[in-house]
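Novice: Quick check, what structure comes out for this input:
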Amino acid sequence: MNKQSAKYGDFVLTALFAAIILVLAFTPIGFINLVIIKATIIHIPVIIGSIVLGAKRGAVLGGIFGLTSLLSNYMAPSVLSFAFCPFIPVPGTPHGSPLALVICFIPRILVGVIPYYVYQFVQKLLKNSPKGEYLSLILGGISGAVTNTVLVMSLIYFLFKEAYATAKSIPVNAVTGVVLGIVGTNGVPEALVAAVITVAVCKPLLKLRKKEYPDTRNMPINR
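Specialist: Predicted coordinates:
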């Protein structure tokens, strides 16, 4: 199959992942009830798209993820919506902050970039290992989930520490513990869920692409 056909196939797959992100973001199915907490899976199509389609298309999907976050926080504001939408007033002020766009988009775009490079690095490192692809997919999935959780909470801490304390009605010096707690309770289950789904979905997709695009060696055109 020639590169033009491969490019068209990548475009269709990108559109499919984008549609999945929109469905997950604006319906309850974007969350998995783990009894103690609800883990989001909205970032998983971005991770899968990054690994299968490359960093550039992954970044586009991450940008769409960020846009859905901005829109959902604007249309249905919650206590922390000020950290994701510049149109929501920051606690203690009458206006929002443009820094919310940093939290809303930068981590999500990186969710579409980092898994690809983690996957490729581990693949090269373990290219002679029969379990190399499984491990590279697992670590790719985990890296995307960790990127999302850690970067979002870290940016909230550094950019809106006082506002976060006000919104949560806690002392400012307690914010560090709360943020670390969220990273642990939300981040770990989400990373595990991402690892399982990434392997389950990416494995057949990558196999199919190798079969359909043998002349391109399964490598997307626009990295």
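Novice: average pLDDT across the helix or strand that contains residue 20?
Specialist: Using DSSP states H and E, residue 20 maps to helix 3-25. Computed over helix 3-25, the mean pLDDT rounds to 87.
Novice: Check which helices and strands that helix is in contact with.
Specialist: helix 44-53, helix 55-75 (3 or more CB pairs under 8 Å, 6 or more residues apart in numbering; DSSP states H and E). Glycine gets a C-beta too; all of them are placed from N, C-alpha and C.
Novice: and if we set it to 10 Å?
Specialist: Contact here means 3 or more CB pairs under 10 Å, 6 or more residues apart in numbering; DSSP states H and E; on that basis helix 3-25 packs against helix 44-53, helix 55-75, helix 175-212.
Novice: packing partners for the longest one?
Specialist: In other words, helix 175-212. Judged by 3+ CB pairs under 10 Å, 6+ apart, the packing partners of helix 175-212 are helix 3-25, strand 31-33, strand 38-40, helix 44-53, helix 114-125, helix 132-168.
Novice: And the first one, what's buried?
Specialist: If I follow you right, that is helix 3-25. Residues of helix 3-25 classed as buried by neighbour count (16 or more other CB atoms under 10 Å): 6, 9-10, 13-14, 17-18, 20-22, 24-25.
Novice: Which residues lie in contact with residue 85 in this structure?
Specialist: 69-75, 77, 96-97, 100-101, 103-104 (CB atoms under 10 Å, 6 or more residues apart in numbering).
Novice: how about a cut-off of 7 Å?
Specialist: 70, 73-74, 96, 100, 104 (CB atoms under 7 Å, 6 or more residues apart in numbering).
Novice: And the helix holding residue 20, how far out from the chain middle?
Specialist: Computed by CA atoms, centre = their mean, to the nearest Å, the chain-centroid distance of helix 3-25 equals 16 Å.
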